[in-house]
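Enquirer: Just a sequence and a predicted model for now, questions to come.
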Amino acid sequence: MSQPNEPGIASSAVTRFAHDLLAAELPALPPDRRADAVGFVVRRVESLPSIMRFGVSTIGLSVDAVGALVGRGRMRGMITRLPLPLLAEYPRLVRSLGFAYVWETWPDTLVDGGAAS
């Protein structure tokens, strides 16, 4: 998987969330492609301007901490369904970066993440 040189705690939280979100929304995406997409998401988050990176990292760490307590799948489901200010933008950011990477890199990808025949 493409990872930043020295992933920090926030990068690990974003990595876990991005992996879980892409696995749930693109279930047929091969693991190596998912890993590449997750690496892209993490690199883009790490390249955000400092205040935005701080905000995304804070939300990511919070989501990760609560997810560790209640279950990451349950937490992912909750924040993708509830229109909570700022918190709802986190999965939208991860999803848009991940999806854009997948369809730009492998344009023949099906809606479930599988490869077109």
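Expert: Great, that's in hand. Numbering: from 1, shown residues only.

Enquirer: Could you find the closest non-adjacent residue to T105?
Expert: Of all residues not flanking T105 in the chain, D36 sits nearest, at 7.2 Å (CB to CB, 6 or more residues apart in numbering). No exception for glycine: its C-beta is placed from N, CA and C like everyone else's.

Enquirer: Look up phi and psi at the most centrally placed residue in the chain.
Expert: With distances taken as CA atoms, centre = their mean, A18 lies nearest the centre of the chain, 2.1 Å away. Dihedral angles of A18 (phi, psi; degrees, to the nearest 10) stand at phi -60, psi -40.

Enquirer: roughly how far apart are it and A116?
Expert: 24 Å (CB to CB, to the nearest Å).

Enquirer: F99 too?
Expert: From F99 to A116 the distance is 16 Å (CB to CB).

Enquirer: quick one, which of those two is more surrounded?
Expert: Using other CB atoms under 10 Å, the more surrounded residue of F99 and A116 is F99, with 16 against 8.

Enquirer: Run through the residues that contact the more buried one.
Expert: Going by CB atoms under 8 Å, 6 or more residues apart in numbering, F99 touches L26.

Enquirer: and it, how far is that from I51?
Expert: In terms of CB to CB, F99 sits 25 Å off from I51.

Enquirer: R76 now?
Expert: Distance of R76 to I51, given as CB to CB: 25 Å.

Enquirer: Please say which of these two ends up with more neighbours.
Expert: Neighbour totals were compared for R76 and I51, and R76 leads with 21 against 8 (other CB under 10 Å).

Enquirer: Tally up the residues packed near the closest residue to the more buried one other than its chain neighbours, please.
Expert: In space, and not counting its chain neighbours, R76 is closest to D20: 5.6 Å by CB to CB, 6+ apart. D20 has 17 neighbours, counted by other CB under 10 Å.

Enquirer: Touching, D20 and G77? I think so.
Expert: No - D20 is not in contact with G77 according to CB atoms under 8 Å; the separation is 10.2 Å.
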